[in-house]
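> can't give you the sequence, but here's the structure:
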C-alpha cells in the first residue's frame with residue numbers, strides 16, 4: 001500500500017473513532033468532549049478538546065480533519081483553521097483526498 005494511502009487510512013480510522021465519541025457525547029447531551037487527534041501517526045494518543053458544534057463544522061467536509069497543533073503533514077494537508085486548541089486541516093494531495101472521501105462513513 002502506498003505511504004500516502006496508508007496515512008489516509010490511519011486518519012480515517014481516527015475519524016471513525018471520533019464519530020463514535022461524538023455519538024456518545026450527544027447521547028449524554030454534552031456540549032464538548034475530548035476527541036482523538038486525527039493525524040496520520042498511528043501511535044498518536046493526543047486528545048483534542050472541542051465542542052460538538054466545532055466537530056460538526058470539521059465533519060461538514062469529508063476532506064477536513066481535526067489535529068493537535070504540530071501534527072500537520074505538509075506533503076498531504078494544509079491548515080485551514082487554527083482554533084488554538086486544535087488545527088483544522090484539509091487534505092490537498094489527490095490520492096489522499098480521494099481515499100478519505102471514499103472512507104467517510106457519512107458518505108456511505
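Ah, there it is. Predicted model, so just to flag it, every value in this text is computed and none were measured.
> determine the longest helix present in the protein.
helix 3-27 (DSSP state H).
> packing partners for the helix or strand following it?
Next helix or strand after helix 3-27 toward the C-terminus (DSSP states H and E): strand 32-36. Applying 3 or more CB pairs under 8 Å, 6 or more residues apart in numbering; DSSP states H and E, we find strand 32-36 packed against helix 3-27, strand 47-51, helix 52-59. C-beta coordinates here come from the backbone N, C-alpha and C atoms, glycine included.
> nearest to residue 100, out of the ones you listed?
Counting by CB to CB, residue 100 lies closest to helix 3-27 out of the helices and strands packed on strand 32-36; the figure is 5.3 Å.
> tell me the SS of the spatially most central residue of the chain?
By CA atoms, centre = their mean, the chain has its centre lying nearest to residue 65, at 3.0 Å. Three-state assignment for residue 65 (DSSP: H, G, I helix; E, B strand; the rest coil): strand.
> beta partners of it?
residue 89 (DSSP bridges).
> what sits up against stretch 41-49?
Stretch 41-49 is contacted from outside by 10, 14, 32-37, 39, 66-68, 71, 85-86, using CB atoms under 8 Å, 6 or more residues apart in numbering.
> could you redo the last one with a cut-off of 10 Å?
Under the criterion CB atoms under 10 Å, 6 or more residues apart in numbering, residues 6-7, 9-11, 13-14, 18, 21, 32-39, 54-55, 58, 66-71, 73, 83, 85-87 lie in contact with stretch 41-49.
> now do the buried residues in it.
41, 44, 46, 48 (16 or more other CB atoms under 10 Å).
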